[in-house]
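A.B. asks: Requesting a structural model of the entry that follows:
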Amino acid sequence: MSTDNKIHHTEAPHNVLDRIIVRLGNMLSLLFLFTVAISFYEVVMRYVFDSPTIWVHESASFIGACLFVFGGIYALATNKHVRVVLIYDAVSERTRRYLNIFHHIMGFIFAALLAYAAYQMTESAIFSPFGELHFETSGSAWNPPFPAYIKIMIFLTMCVMCVQFVLHLIQEVSNLRKL
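C.D. replies: Now for the predicted structure:
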């Protein structure tokens, strides 16, 4: 099969939500540089001035975790998610469209189940057993509410991913009709 007939695995975003995610992701990627900078600051403070910080490690971990979670919707928006190309590239374009539809349906179900689990996890991270607003904290000397924030981020990201899968499914069904 020639490469002219293959669907490109990495495509430009096809809807407004994906374009927003890509634009936001490109801006958020600068936080990796910030993480490197504060980590360097920690090393200098610890080993040059013998004055370690209490906030750098948790901040860097929090930023990295949030960016990792965001990476899921970014990969879906740019069509750079994992697929079995050995099978995908060996079938016709029409079969690929059906595989994409199956992928989007299964992806939606998976993301919806994860969103439900993340909701339960988030609820217990932001409310006390008596229902008062009380964010879960790390328990360290600094004790930031980063664990609760990460759980909120996971929940929101999984909700966005559900919407993405629905939009991609609609688009794929529409593309199938054009063949």
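A.B. asks: how many neighbours does M27 have?
C.D. replies: 9 (other Cβ atoms under 10 Å). All C-beta spots, glycine's among them, are computed from the backbone N, C-alpha and C.
A.B. asks: pLDDT score for it?
C.D. replies: pLDDT recorded at M27 is 96.
A.B. asks: Just to be sure, it is in a strand?
C.D. replies: No - under DSSP: H, G, I helix; E, B strand; the rest coil, M27 falls outside any strand and is assigned helix.
A.B. asks: Can you mark which positions in the helix or strand harbouring G107 are buried?
C.D. replies: According to DSSP states H and E, G107 maps onto helix 93-126. Residues of helix 93-126 classed as buried: 96-97, 99-101, 103-104, 107-108, 111-112, 114-115, 118, 121-122, 125-126 (neighbour count, 16 or more other Cβ atoms under 10 Å).
A.B. asks: Does anything pack onto that helix? Which helices or strands?
C.D. replies: Counting contacts by 3 or more Cβ pairs under 8 Å, 6 or more residues apart in numbering; DSSP states H and E, helix 93-126 packs against helix 85-88, helix 146-178.
A.B. asks: mean pLDDT for the ones you listed: which is lowest?
C.D. replies: When I compare the helices and strands packed on helix 93-126, helix 85-88 is least confident, with a mean of 80.
A.B. asks: Now that one: buried residues?
C.D. replies: Buried, per 16+ other Cβ under 10 Å, within helix 85-88: Y88.
A.B. asks: Report the helix or strand with the lowest average pLDDT across the protein.
C.D. replies: helix 85-88 (a mean of 80; mean pLDDT, DSSP states H and E).
A.B. asks: Output the contacting helices and strands for that helix.
C.D. replies: Using 3+ Cβ pairs under 8 Å, 6+ apart, helix 85-88 sits against helix 93-126.
A.B. asks: Look up how far R23 lies from V16.
C.D. replies: The gap separating V16 from R23 is 11 Å, by Cβ to Cβ, to the nearest Å.
A.B. asks: Neighbour count for the two, which is higher?
C.D. replies: Legend: neighbour count by other Cβ under 10 Å for V16 and R23, higher for R23 (12 against 9).
A.B. asks: The more buried one is in what secondary structure piece?
C.D. replies: Judged by DSSP H and E, R23 forms part of helix 16-28.
A.B. asks: tell me how far that helix is from the chain's mean position?
C.D. replies: For helix 16-28, the separation from the chain centroid amounts to 11 Å (computed by Cα atoms, centre = their mean, to the nearest Å).
A.B. asks: Stretch 62-75 now?
C.D. replies: For stretch 62-75, the distance to the chain centre is 4 Å (Cα atoms, centre = their mean).
A.B. asks: List the buried residues for that stretch?
C.D. replies: Result for stretch 62-75 [16+ other Cβ under 10 Å]: buried residues 62-63, 65-67, 69-70, 72-74.
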